[in-house]
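Peer 1: I'll drop the sequence and a predicted model, then ask my questions.
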Amino acid sequence: MNNNDMKPRQRFLALDTSTASLAVSVMDQDKLLSEVNTNADRNHSVHLHPVMAQALAEAGLGMDQIDGIAVGVGPGSYTGIRIAVTAAKTLAWANDLPVVGISSLHALAWGGLQSGWKQAVPEKGIHWVIPLLDARRGQVYTALFAVDPEHQEEAPVRMEADGIRLMQSWVEFLKERISKLPEGERPVSLWFIGEVDLHAETARGLETWFGGNLHIHPYAFEGRWIGYLGADRLLAGEADDLHALVPNYTQLSEAEANLLRKR
């Protein structure tokens with residue numbers, strides 16, 4: 001192995017097109033160099049390459065100085081996810097770079113919670129974070145994460161997998177999960193993050209548990225959070241198989257799909 005093979009992977013390009021926001025960031029190890037976030041009205045195929053060029057220019061780098069790529073693989077807009085994943089795979093192949101796929105919901109949860117905590121100082125204890133992206137017909141792309149504000153510089157810890165779920169069923173599941181926890185192990189607050197407007201009323205079904213500690217926080221995707229999550233994997237020497245990296249489209253569980261068909 002020569003010295004070039006031993007060179008650490010330090011500068012990374014990160015991109016996500018799973019939502020209405022086109023989000024790109026450039027990282028130097030785990031530090032943000034530049035970030036461009038724009039609402040492209042989901043016309044991401046037209047705007048992605050100019051936005052990537054802008055982010056690289058603001059970081060003072062060329063593509064030949066990038067050591068790895070992180071890409072949001074969803075779940076989210078079917079068409080949107082494919083744009084970023086295809087671009088990331090093409091760049092990785094053309095430049096012989098490692099690429100890692102990152103959960104868009106994980107990044108949404110982390111960024112949204114940090115945004116929310118700027119408005120409300122968090123209580124001590126464990127906070128649950130539920131990222132939401134609208135999937136129409138009462139459905140959401142969602143997951144569940146936990147965060148301790150004393151360690152908020154660390155990424156949220158996953159508690160439930162990414163998936164598409166009926167919002168009403170999801171809230172009932174969260175109620176049941178909380179009810180089974182001993183009083184001292186329950187979260188001190190819940191944060192619904194992201195595209196929350198259409199699902200706020202359903203989310204408020206948890207107000208009887210949390211009152212003012214139920215937070216419904218609109219949040220638009222920011223590229224830095226894909227960058228932080230991607231840098232963590234790339235700096236650890238991880239890389240996904242280029243040909244096996246695909247968007248996470250997700251699907252309803254069989255029970256939820258049957259329930260939806262009966263409506």
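Peer 2: Looks like it came in fine. Numbering: from 1, shown residues only.
Peer 1: contact partners of the lengthiest helix in the chain?
Peer 2: Residue-count comparison of every helix in the chain, with assignments taken from DSSP state H, identifies helix 78-95 as the longest. Identification of contacts with helix 78-95 by C-beta atoms under 8 Å, 6 or more residues apart in numbering yields 13, 15-19, 42, 44-45, 48-49, 52, 63-64, 66, 69-75, 97-99, 101, 104, 242, 245-249. Where you see a C-beta, it was placed from the backbone N, CA and C, and this is true even at glycine.
Peer 1: Could I get the full set of helices for the protein?
Peer 2: Listed in chain order, the helices of the chain (DSSP H) span 44-59, 78-95, 104-117, 167-179, 200-203, 207-210, 223-235, 254-261.
Peer 1: could I get these as CSV with mean pLDDT and distance to Glu185?
Peer 2: Compiled in CSV, the helices of the chain are given as follows (pLDDT from 0 to 100; distance: least, C-beta to C-beta, whole Å):
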stretch, mean pLDDT, distance to Glu185
helix 44-59, 93, 41
helix 78-95, 94, 35
helix 104-117, 96, 20
helix 167-179, 96, 10
helix 200-203, 96, 22
helix 207-210, 86, 14
helix 223-235, 97, 27
helix 254-261, 55, 27
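Peer 1: For the longest helix of the chain, which residues meet the burial criterion?
Peer 2: Neighbour-count burial for helix 78-95, with 16 or more other C-beta atoms under 10 Å as criterion, is recorded at 80-85, 87-89, 91-92.
Peer 1: go on, stretch 173-191?
Peer 2: Of the residues in stretch 173-191, those with enough neighbours to count as buried (16+ other C-beta under 10 Å) are 174, 178, 186-187, 189-191.
Peer 1: How far off centre is it?
Peer 2: 23 Å (C-alpha atoms, centre = their mean, to the nearest Å).
Peer 1: what's the first-to-last distance across that stretch?
Peer 2: Using C-alpha to C-alpha, to the nearest Å, the end-to-end distance of stretch 173-191 comes out at 15 Å.
Peer 1: and which of the buried residues of stretch 173-191 is nearest Val24?
Peer 2: Of all the buried residues of stretch 173-191, Val24 sits closest to Trp191, with 25.2 Å by C-beta to C-beta.
Peer 1: how much space between that closest one and Leu33?
Peer 2: For Trp191, the distance to Leu33 under the criterion C-beta to C-beta, to the nearest Å works out to 28 Å.
Peer 1: Please apply the same query to Pro98.
Peer 2: 18 Å.
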